[in-house]
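> need a 3D model of the following:
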Amino acid sequence: METAVVVTKSSPVVVVPSESEQTTTPPAGHTIPLSSFDLLMPPLPMRLVLAFDRPIHEPVETIKRALSRALDHYQPVAGRLNGQGGITCTGEGVAFVAASAGCALGEAMATLQQMDLTARFPGAFCRDADPLVLVQVTEFSCGGFVVGVTWNHLLADGAGIGQFLCAVGELARGASPPSVEPVRQWDDALRDLPTTSVIAQRSTVLDKNRPRYLVRHDVAVPLSLVCRIKGESGCTAFEAVAAVIWRCRARAVGCSADSPAPLYFACNMRALVGASAGYYGNCVVGQVVPATSGAVARSSIADLALLIRRAKENVLDLLSSSSSDGEAAAPDGGGAQGGAQAAPPQWYDGLAMTSWVNLGLDSADFGGGGAARVMWHEDRTFLPCCMVCSPCRGDAFNVSSLCVKPEHANAFLRELANLISHDGLA
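I've put the predicted structure just below:
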């Protein structure tokens, strides 16, 4: 077993807006009310790692300066939650940590998940007084570096944080202002989620007590396999990857055939609700594909991918208070509604899938080009879940997985290996 490289960290410092940029952002003291999409999200820490194998000049100082300038344009990011359903532009800033690792990045690439590459909030949930963003820049002996970002999910979703990091990168490369004008205020003319949907989805996490420790896997789903699935079903890459993980997990866990095995996945609603091009707050909802373990285990990958696609096509129903909250046909054709199965799902029954593909995360460029690797940097989770990341300079989609208990880990890896090596799509 490979040993993780020791990372040496400096004490955190606070980075505040530089006040050197000409902007039209909200003034100090202005409050941005949280939207119904923001309120879907409990104040959960999200942790992202971007690995850059092409050196830049003084990455710590370069990114720190650019971050300060970016906060001029993104004043709410430097603010704090006010405890009354909003973010106040206090200008208190974000936390920044400089770090170093005593090896080359290439030597550590396989063990990045085991390394201390992100700053952490004190608890399982973020507090109102905490900064909304924590940034850590770790330099490696080869000149490569890693940018670790931890943020309060109430501030932004993956697309929003990707936009912010791309702006930091543009400023680091000498451009000003950022090419995308940021928008954080939710337009009253845009469609809101029904209150019942907000309460139901938010309680999904809040009711799960403390995070569980599941086995960490970094799975590579080959592009060749994804292309074959897409060719057979006409699905997207995410739908193909999600179908692969869903079936492999169902077979590995081996629950009784009639046990619930729902798939939960996040849908970006920006194009569907008319959000501004530069909107960087939350704009995703969770959709569910209800199913039984037996139905998932015996279905073809193509059929599961099509099932996910049909659920995605019905996501607009979630904007209606009279909707059936994510109804989708089950693999056995039952059309069972989420929560209407014979037994209510327990925390380990379901699988949550999120995609960080096409969100701009791999496009953040601080001077040496885009990221060589994008990773979800978690070791605990409330529900079994996976994050699909872009195939940066590679021939596979990278899936950061926390979805099985130790006793199911070997079986899960065997199912994946068999599917990949034997083209077991049926």
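> where along the stretch 251-400 of the chain do the helices fall?
270-273, 293-298, 301-313 (DSSP state H, counting those that start in this stretch).
> show me what counts as buried in the first one.
So that's helix 270-273. Neighbour-count burial for helix 270-273 flags Arg270, Val273 (criterion: 16 or more other Cβ atoms under 10 Å). In this view, the C-beta of every residue, glycine as well, is placed from N, C-alpha and C.
> now do that helix: distance to the chain's middle.
Distance, stretch centre to chain centre, for helix 270-273: 19 Å (Cα atoms, centre = their mean, to the nearest Å).
> report the mean per-residue pLDDT for that helix.
Average pLDDT, helix 270-273: 89.
> using CSV, write down the CA coordinates of it.
This file holds the C-alpha atoms of helix 270-273, laid out as CSV (Å, rounded to 0.1, in the frame of the first residue of the first chain):
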residue,chain,number,x,y,z
ARG,A,270,-30.0,27.2,-15.3
ALA,A,271,-31.2,26.9,-18.9
LEU,A,272,-34.6,25.7,-17.7
VAL,A,273,-35.4,28.6,-15.3
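> care to break the protein down by domain?
14-172, 195-357+378-422 (automatic domain parsing).
> Val180: which of the ones you listed is closest?
domain 195-357+378-422 (4.9 Å; Cβ to Cβ).
> torsion angles phi and psi at Ala159?
When read as degrees, to the nearest 10, the backbone of Ala159 gives phi -70, psi -40.
> now for it, how many residues are close by?
Applying other Cβ atoms under 10 Å, we find 22 residues neighbouring Ala159.
> repeat for Ala124
Applying other Cβ under 10 Å, I find that Ala124 has 14 neighbouring residues.
> quick one: it from Val49, how far?
When Cβ to Cβ, to the nearest Å is the yardstick, Ala124 and Val49 sit 20 Å from each other.
> just Ala242 next, same as before
Distance from Ala242 to Val49, by Cβ to Cβ: 22 Å.
> just Glu92 next, same as before
Computed as Cβ to Cβ, the Glu92 to Val49 distance reads 25 Å.
> when the two are compared, which one has more neighbours?
Val49 (24 against 15).
> can you spell out which helices and strands pack onto the helix or strand hosting that one?
Assigned by DSSP states H and E, Val49 falls within strand 45-52. Where contact means 3 or more Cβ pairs under 8 Å, 6 or more residues apart in numbering; DSSP states H and E, strand 45-52 is packed against strand 145-152, helix 158-172, strand 373-376.
> that strand vs helix 158-172, what angle?
40 degrees (axes from the mean of the first three to the mean of the last three Cα atoms, to 10 degrees).
> mind listing what strand 45-52 pairs with, with the direction of each?
Sheet pairing of strand 45-52 (DSSP bridges) gives strand 145-152 (antiparallel), strand 373-376 (antiparallel).
> in the protein, where is pLDDT below threshold?
In the predicted model of the chain, residues 1-4, 188-211, 320-344, 392-393, 422-426 satisfy pLDDT under 70.
> go again with 80.
1-4, 24-25, 27-28, 186-212, 318-345, 391-394, 422-426 (pLDDT under 80).
> now for the helices of the stretch 251-400 of the chain, which one comes closest to Lys230?
helix 301-313 (8.2 Å).
> contact partners for Pro76?
Pro26, Ile32, Ile87, Cys89, Leu132, Leu155, Arg184 (Cβ atoms under 8 Å, 6 or more residues apart in numbering).
> top of those residues by number of neighbours, please.
Neighbour-wise, the contacts of Pro76 (other Cβ under 10 Å) top out at Leu155, 29 neighbours.
> so who does that residue touch?
Pro76, Val77, Ile87, Leu132, Val133, Ile161, Gly281.
> settle this for me: the fifth one is touching Gly148, isn't it.
To tie it back to what came earlier, the one meant is Val133. No - counting by Cβ atoms under 8 Å, Val133 stays clear of Gly148, with 11.1 Å between them.
> quick revisit: how about CSV for the strands paired with strand 45-52, with mean neighbour count and distance to Glu407 added?
Below are these laid out as CSV (neighbours: other Cβ atoms under 10 Å; distance: least, Cβ to Cβ, whole Å):
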stretch, mean neighbour count, distance to Glu407
strand 145-152, 26, 30
strand 373-376, 24, 23
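> tell me, how many residues neighbour the spatially closest residue to Val146 that is not a sequence neighbour?
Once flanking residues are discounted, Val146 sits nearest to Thr138: 4.5 Å by Cβ to Cβ, 6 or more residues apart in numbering. For Thr138, the neighbour count with other Cβ under 10 Å is 29.
> quick one: list the elements packing against the strand or helix carrying Thr138.
Element membership for Thr138, per DSSP H and E: strand 133-140. Judged by 3+ Cβ pairs under 8 Å, 6+ apart, the packing partners of strand 133-140 are helix 59-73, strand 94-101, strand 145-152.
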